[in-house]
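Enquirer: Whatever this is, show me its structure:
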Amino acid sequence: MLSRRKFITLAAAGTAGTILTEKAIADSSRNVGEQFPIVISTWDAGIAANRGAWKILSTGGRALDAVEEGVKVTEASQNCCVGLGANPDRDGYVTLDACIMDENFNCGSVAFLERIKHPISVARRVMEKTPHVMLVGSGAQAFAIAEGFPLEKPELSESAKRSYEEWLKKSEYKPIINIENKGHGPSVPVKLSNGEWNHDTIGMLAIDKQGNLSGSCTTSGMGFKMRGRLGDSPIIGAGLYVDNEVGACTATGQGEEVIRIAGSHTVVEMMRQGFSPEEACKKAVERIARIRASKIKDIQVAFLAINKKGEFGGFALQKGFSYAVKNGQEEKMYKANSLI
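Expert: Residues are numbered from 1 along each chain as shown. Predicted structure coming up:
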């Protein structure tokens, strides 16, 4: 039986340990202190996207408006893997997914959307003008047209056309079980010669001058995917999650693996427990690595997060993930740490 003196001594030691642990977690953050406004986004395309968002944030605008306008910069580009200029599915059609979420748990999403230039804006209309969270396929397109979004020509960009023609030389036009693991084209993210990974998603998180969070995520999905395939990007809680009391997270990489653990929600919950954004991202990556241990060498998954204080961080399964940051002090690319 513990004496009163021993009990007090142990309790004091436990309290000190808790304080030290919390301090260590805070010090591990990439960016300590309130740095509002701030915007962060995945991959090198995030530099231009962040500048689009900054036009709104720097003048006191709302984070929700910023994350919509920011990723629209990427969607409009014909020289990247997001938007109508991206690689098609294996039937030759470009299908787009996007979601958006504000500081009040309002969220909207579209998936399997064709011939609409800015799916992120359609997702916001779903959030603000319907009782639903997600619209898909022809229904999403019909809603977009009713809201005044024009139908674009169903043509591949020149770069996508070349990529698709090259892919067809090695791939059979028929369903193949587990084709993603049989070398029939880049149906999953693949490592490039420069050590980077090809990618087809941009996720963006922002805090405005009022201290409120919002996030967005937009993608064309995996190049040459099976028609109808849906990844994590338009799924609230997988590709994106925002909790204004805690922080926000977005994901990139192989969506199937993110969906398995409700990845972005998992990261936010880790931050709720006191982990820094980078440590929270690492915890989620470690969980994927445990449950997919036999396949991790062929998978790339990464998370990017920001907490309520403005501290941010990312973490990837494999090397090569980078993210862009812009606030009043810096505009910079960061290379994320990785498990492998």
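
Enquirer: which ones are touching P234?
Expert: Under the criterion of CB atoms under 8 Å, 6 or more residues apart in numbering, the contact partners of P234 comprise D97, A98, C99, S109, V110, A111, A123, M134, C217, T219. Quick note: C-beta positions are derived from backbone N, CA and C, even for glycine.

Enquirer: Could you pull up phi and psi at A111?
Expert: In this entry, A111 is assigned phi and psi values of phi -150, psi 150 (degrees, to the nearest 10).

Enquirer: still on that earlier bit, hmm, which two among the contacts of P234 are most spread apart?
Expert: Every pair in the contacts of P234 was compared (CB to CB); the two farthest apart turn out to be M134 and T219, at 14.4 Å.

Enquirer: where along the stretch 51-200 of the chain do the strands fall?
Expert: Taking DSSP state E, counting those that start in this stretch as the test, the strands found in the stretch 51-200 of the chain are 96-101, 107-113, 134-136.

Enquirer: Give the residue spans of this protein that score low on pLDDT.
Expert: Across the chain, the ranges flagged by pLDDT under 70 are 1-34, 78-81, 172-200.

Enquirer: repeat that with 90
Expert: Along the chain, the model assigns pLDDT under 90 to residues 1-36, 77-88, 153-201, 221-225, 295-299.

Enquirer: quick one: the helices in it?
Expert: In the chain, the helices defined using DSSP state H lie at 4-27, 46-57, 63-76, 119-129, 137-146, 158-170, 255-260, 263-272, 277-291.

Enquirer: same for the third one, what does it pack against?
Expert: Right, the one you point to is helix 63-76. strand 38-42, helix 46-57, strand 96-101, helix 119-129, strand 201-207, strand 213-219 (3 or more CB pairs under 8 Å, 6 or more residues apart in numbering; DSSP states H and E).

Enquirer: returning to what we had before: ok, of the contacts of P234, which come out buried?
Expert: Burial by neighbour count, judged by 16 or more other CB atoms under 10 Å, picks out D97, A98, C99, S109, V110, A111, A123, M134, C217, T219 from the contacts of P234.

Enquirer: Tally up the residues packed near F321, please.
Expert: F321 is flanked by 27 other residues according to other CB atoms under 10 Å.

Enquirer: contacting residues for it?
Expert: When the contact criterion is CB under 8 Å, 6+ apart, the partners of F321 are T42, W43, W197, T252, G253, Q300, A302, G314, F315, K335, A336, S338.
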